[in-house]
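J.: A structural model of the following input is requested.
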Amino acid sequence: MEEPQTYGDPAVNEVIAYLKEARGVPKLNGSDKDNRAYAKRILNLLHKEHPTFDPIKMTKRLIAVSQCYQMYRNDPCFKTIWDNMGSLIVLSRELRGSKPKPGYTIVNGLRKWD
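T.: Numbers count the residues shown, from 1 in each chain. The predicted model follows:
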């Protein structure tokens, strides 16, 4: 028996499958085309901003963080994650307990070197 043929970017397919599994839904809100486009945008942006990290793992982390908060849990689609990506990254850092690197402090969202 042949495996079903998959289309598109395997990374996009993987994060879409992960979001469906995390939300427990067979279909995401919005069209498949929109969800694939937003998933691709997220992956591309994370790869561009953080080239040494795996964008698939980072996207899965954003999905996992969005599961922790009720306001993001209600709408299973990548547009919601894209629209709230900045706040989800901040929440992810808070959950992880990361602290600023030594040598500078953060004042009003800007680095102040010691």
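
J.: Now do Pro55: how many residues are near it, please.
T.: Using other CB atoms under 10 Å, Pro55 has 19 other residues around it. The C-beta positions use only the backbone N, C-alpha and C, and glycine is treated the same way.

J.: Give the next helix or strand downstream of the lengthiest helix in the chain.
T.: Ranked by residue count and defined by DSSP state H, the top helix of the chain is helix 32-49. Going down the chain from helix 32-49, the next helix or strand is helix 55-68, by DSSP states H and E.

J.: between that following helix and helix 32-49, how big is the angle?
T.: 110 degrees (axes from the mean of the first three to the mean of the last three CA atoms, to 10 degrees).

J.: what helices or strands is helix 55-68 leaning on?
T.: With contacts defined as 3 or more CB pairs under 8 Å, 6 or more residues apart in numbering; DSSP states H and E, the packing partners of helix 55-68 are helix 10-23, helix 32-49, helix 70-73, helix 78-83, helix 85-96.

J.: Can you list the buried residues in it?
T.: 55-56, 58-63, 65-66 (16 or more other CB atoms under 10 Å).

J.: same question for it, mean pLDDT?
T.: Computed over helix 55-68, the mean pLDDT rounds to 88.

J.: mind showing which ranges of this structure have poor pLDDT?
T.: Where the chain drops to pLDDT under 70, the residues are 1-6, 70-73, 97-114.
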